[in-house]
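K.L.:
Okay, predicted coordinates and the sequence, questions at the end:
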Amino acid sequence: MHVVTPPAPRPPSTAHLALPFFDDTHRALAEGLVPWAAAQAVDETDDRAACRDWVKRLGAGGWLRYCVPAAHGGALPALDSRALVLLRETLAYHSPLADFAFAMQGLGSGAITLAGSPAQQAHYLQGVARGELIAAFALSEPEAGSDVGAMQTIATSAYPSGASGQKDSYSLTGTKTWISNGGIADFYCVFAKTEPAGGTRGISAFIVDANTPGLDTSRHIHVMAPHPLATLQFDQCTVPATALLGEENGGFKLAMRTLDIFRASVAAAALGMARRALAEAVHHARQRRMFGQMLADFQLTQAKIGEMAALVDSAALLTYRAAWLRDTGQTRVTAEAAMAKMTATENAQRVIDMALQLHGGRGVEVGSKVESLYRDIRSLRIYEGATEVQQLIIGKAVLQE
């Protein structure tokens, strides 16, 4: 079946750009992005082929330049959370798979932006910005999801024969799973234990090219909202010492810094889906005639749509605040990003469910937009920190005040 995401009943509103969270750079970004996103038509029947197509389109359109700093082909001097938020919200409004393709370019290369050597940054980041290299972030394992310190993938260092002090290479052995872009990525930012007994303090990060011997990415994972996922198997996968990303045993902090940058953008993706669900509900309510009047004329419909709008706006304000706090150099904004991620994903789930309910039987018809949104939103409440983890982060922060 040929699958192209249905056109939106109306363009997404840009009224929020007048809020003080944004400046003229962000408004100019949205002015170009909104019509571009609406004009794309990608066959998403095969999620892997579609993701490659989206990466090429996003690169050619210049949008992936917001995933890397200007020094390496980026659009802005540094990674800008508000730009990432606007991009993800708009892309998710039209196609959650487009949002996925964009987000993974940023997340997969983010650790290189933060801690990569000049040689690593020069080699990988320009390709990411142009859409010529597909990036991936490999942290999760079968027995180490939220509990990162429980990871079992090991990186053993080796020294050249007859030499001492300077490490020559690392050999990675273990399994990573739920890896976005698994099987289509050109390189992976992989986290592994260099000190097995060190817990989170014994984790290091490495850049592993997809064609490295000992890496098997063939075990694809199929999920309810199709997008490229795979289990990665490392079997004495040897990389040069120059593949070490950042400091040895500094991988956990690097992973958390990377996730902190993009956590608010996960909220933005959920926000984009929620806005689309609300637009679909409003459109349907105005068109659907029953009992001699329009569905929109019923007070119960008006109440539901009012609730949906409030849920969308409350999520938006927390999302924009988290991005603004990070961009303006405030103290660490982990709790605020957690609030945004938790609220936006949970609210979006409620909004989409209500939109589907308003559509009645049409809402569960395969191929309808609210049906696909219902499947698309569910994983956002889990990945990059499940709702329950966000609650713990927020609770601990409040108790420490």
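P.N.:
Thanks, I have it. Residues are numbered from 1 along each chain as shown.

K.L.:
where exactly do the helices run in the stretch 51-200 of the chain?
P.N.:
Secondary structure of the stretch 51-200 of the chain, counting by DSSP state H, counting those that start in this stretch: helices at 81-94, 96-115, 118-130.

K.L.:
Between the ones you listed, which one is closest to Glu346.
P.N.:
For these, distance to Glu346 was read as Cβ to Cβ. The smallest value, 15.9 Å, belongs to helix 81-94. Glycine gets a C-beta too; all of them are placed from N, C-alpha and C.

K.L.:
tell me the mean pLDDT over that closest one?
P.N.:
Taken as a whole, helix 81-94 has an average pLDDT of 97.

K.L.:
Use 212 as the first number from now on
P.N.:
In the new count, where the first residue is 212, that last one comes out as helix 292-305.

K.L.:
coming back round to it: with respect to Tyr399, which of the helices of the stretch 262-411 of the chain lies nearest?
P.N.:
Nearest of the helices of the stretch 262-411 of the chain (Cβ to Cβ): helix 307-326, 7.6 Å.

K.L.:
Dump the closest one to CSV, restricted to CA.
P.N.:
Coordinates of each C-alpha in helix 307-326 appear next as CSV, following Å, rounded to 0.1, in the frame of the first residue of the first chain:
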residue,chain,number,x,y,z
PRO,A,307,6.2,12.1,12.5
LEU,A,308,8.7,10.2,10.4
ALA,A,309,10.1,13.4,9.0
ASP,A,310,10.5,14.6,12.6
PHE,A,311,12.2,11.3,13.5
ALA,A,312,14.7,11.6,10.6
PHE,A,313,15.6,15.2,11.7
ALA,A,314,15.8,14.4,15.4
MET,A,315,18.1,11.4,14.9
GLN,A,316,20.6,13.5,12.9
GLY,A,317,20.9,15.8,15.8
LEU,A,318,20.8,13.3,18.6
GLY,A,319,23.2,10.9,16.8
SER,A,320,25.8,13.6,16.2
GLY,A,321,25.2,15.6,19.3
ALA,A,322,27.9,14.0,21.3
ILE,A,323,30.4,14.8,18.6
THR,A,324,29.3,18.4,18.7
LEU,A,325,29.8,18.5,22.4
ALA,A,326,33.0,16.5,22.9
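
K.L.:
What's the local residue count around Pro288?
P.N.:
By other Cβ atoms under 10 Å, the residues close to Pro288 number 9.

K.L.:
pretty sure it is touching Ala281, no?
P.N.:
Yes. Between Pro288 and Ala281 there is a contact under Cβ atoms under 8 Å: 5.0 Å.

K.L.:
Quick check: Phe233 vs Asp358, distance?
P.N.:
Distance from Phe233 to Asp358, counting by Cβ to Cβ, to the nearest Å: 37 Å.

K.L.:
give me every residue that touches Gly410.
P.N.:
Neighbour list for Gly410: Gly360 [criterion: Cβ atoms under 8 Å, 6 or more residues apart in numbering].

K.L.:
distance of it from Pro451?
P.N.:
On the measure of Cβ to Cβ, Gly410 and Pro451 end up 26 Å apart.

K.L.:
In space, what's closest to Val296 - neighbours in sequence excluded?
P.N.:
Distance criterion Cβ to Cβ, 6 or more residues apart in numbering; nearest residue to Val296, sequence neighbours excluded, is Ala479 at 4.0 Å.

K.L.:
likewise Gly317?
P.N.:
Using Cβ to Cβ, 6+ apart and skipping the chain neighbours, the partner closest in space to Gly317 is Cys278 (3.9 Å).

K.L.:
Please apply the same query to Gly356.
P.N.:
When the adjacent residues along the chain are set aside, Gly356 lies closest to Trp389, with 7.6 Å between them (Cβ to Cβ, 6+ apart).

K.L.:
Wait, Leu455 touches Tyr381, no?
P.N.:
Yes. With contact defined as Cβ under 8 Å, Leu455 counts as touching Tyr381 (6.9 Å).

K.L.:
Identify the contacts common to the two.
P.N.:
Both Leu455 and Tyr381 are contacted by Phe417, under the criterion Cβ under 8 Å, 6+ apart.

K.L.:
elements contacting the lengthiest helix in the chain?
P.N.:
For the chain, the helix that runs over the most residues, judged by DSSP state H, is helix 462-498. Judged by 3 or more Cβ pairs under 8 Å, 6 or more residues apart in numbering; DSSP states H and E, helix 462-498 is in contact with helix 292-305, helix 307-326, strand 398-404, strand 414-420, strand 504-505, helix 510-538, helix 545-570, helix 580-589.

K.L.:
ok, the helix or strand following it: who's next to it in the sheet?
P.N.:
Downstream of helix 462-498, the first helix or strand assigned by DSSP states H and E is strand 500-501. According to DSSP bridges, strand 500-501 forms sheet pairs with strand 504-505 (antiparallel).

K.L.:
State the mean pLDDT of the strand it pairs with.
P.N.:
On average, strand 504-505 scores 94.

K.L.:
which residues does Thr423 contact?
P.N.:
So, once contact is read as Cβ under 8 Å, 6+ apart, Thr423 ends up touching Cys448, Thr449, Val450.

K.L.:
ok, so of those, who is nearest Gly321?
P.N.:
Relative to Gly321, the closest of these is Val450; by Cβ to Cβ it sits at 19.3 Å.

K.L.:
Now for the closest one, how many residues are close by?
P.N.:
By other Cβ under 10 Å, 21 other residues sit near Val450.
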